[in-house]
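1. got a structure for you, letters missing:
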């Protein structure tokens with residue numbers, strides 16, 4: 001499976017949560033074959049972890065308000081993805097690398113380069129009672145999503161599939177169109193200005209999405225704009241004291257005559 005650094009830089013809308021996991025009104029609308037719910041138990045038979053997961057297809061992405069998230073997560077991990085919510089019944093330990101997928105005689109494991117942590121807790125370690133750990137798993141290349149498969153966590157398992165992931169049209173890239181970051185900071189202090197400049201085709205329609213731990217940033221500072229005759233487009237985003245510290249994900253997109261290209265970047269907001 002593909003190896004890459006796990007980055008806690010993607011955010012799921014918190015409106016779908018209830019008691020740390022997914023509200024029934026959302027969960028019940030996800031197609032049965034696209035989801036699984038595991039409950040792990042200890043040696044004494046007591047419940048330890050409640051794990052809800054679902055394949056991020058076009059249908060589920062629209063249901064959860066995660067269409068842009070789907071495109072970004074797939075590009076970051078290089079494949080189809082499954083979203084995971086983990087809630088402990090008491091103080092318990094959780095490790096994302098304990099997930100496995102099986103299909104017939106095939107077994108595929110999740111490695112350290114095969115997940116993205118939405119919350120820091122998803123990276124592994126002790127989960128406190130009443131909290132939730134959210135993350136994304138890269139769907140294994142060895143498993144055929146069009147055929148039923150089994151998801152395992154330790155000794156617990158649940159069946160999923162067949163799943164139709166589709167592709168991320170919002171990140172479809174035309175070979176004649178490209179986007180590159182010309183200027184992007186590495187670290188910005190809370191309250192500082194963030195200058196982001198991209199290079200693309202002249203007069204292309206450009207847009208910028210900024211993800212923080214609080215969700216997608218809504219600001220007129222980052223409204224869509226056309227590139228100039230030199231192919232450059234620039235945004236200046238003013239942060240404030242309420243802007244959360246940590247890694248921030250950027251997604252810049254350019255469009256020309258219905259063709260799209262996108263580029264992902266990141267920087268850190270930290271106290272100096």
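-> Sure thing, it's come through. In this text, all values refer to a predicted model and were calculated from it rather than measured experimentally.
2. neighbours of residue 239, how many?
-> 22 (other C-beta atoms under 10 Å). All C-beta atoms are positioned from the backbone trio N, CA, C, and that covers glycine.
3. hang on, isn't it packed against residue 190?
-> Yes: in this structure, residue 239 is within contact of residue 190 by C-beta atoms under 8 Å, at 6.0 Å.
4. return every residue with contacts to both of those two.
-> residue 269 (C-beta atoms under 8 Å, 6 or more residues apart in numbering).
5. going along the chain, name the strands of the stretch 51-200 of the chain.
-> 81-88, 92-94, 99-103, 106-109, 115-117, 125-127, 133-138, 149-153, 156-160, 180-183, 187-188, 193-199 (DSSP state E, counting those that start in this stretch).
6. mind putting those in CSV, mean pLDDT included?
-> As requested, these are arranged in CSV below (pLDDT from 0 to 100):
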stretch, mean pLDDT
strand 81-88, 94
strand 92-94, 95
strand 99-103, 97
strand 106-109, 95
strand 115-117, 86
strand 125-127, 93
strand 133-138, 91
strand 149-153, 97
strand 156-160, 95
strand 180-183, 92
strand 187-188, 91
strand 193-199, 94
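7. could you check how far residue 98 is from residue 216?
-> 31 Å (C-beta to C-beta, to the nearest Å).
8. hmm, I was thinking of residue 122
-> From residue 122 to residue 216 the distance is 20 Å (C-beta to C-beta).
9. tell me which of those two has more neighbours.
-> residue 122 (25 against 16).
10. the more buried one and residue 51, how far apart?
-> Separation of residue 122 from residue 51 (C-beta to C-beta): 11 Å.
11. quick one: terminal-to-terminal distance for stretch 31-46?
-> One end of stretch 31-46 to the other measures 29 Å (C-alpha to C-alpha, to the nearest Å).
12. so what touches that stretch?
-> 27, 47-55, 57, 59-60, 89, 148, 151, 153-163.
13. by mean pLDDT, flag the weakest helix or strand of the chain.
-> strand 17-18 (a mean of 50; mean pLDDT, DSSP states H and E).
14. below-threshold pLDDT in the stretch 151-272 of the chain: ranges please.
-> In the predicted model, the stretch 151-272 of the chain carries pLDDT under 70 at residues 167-175, 272.
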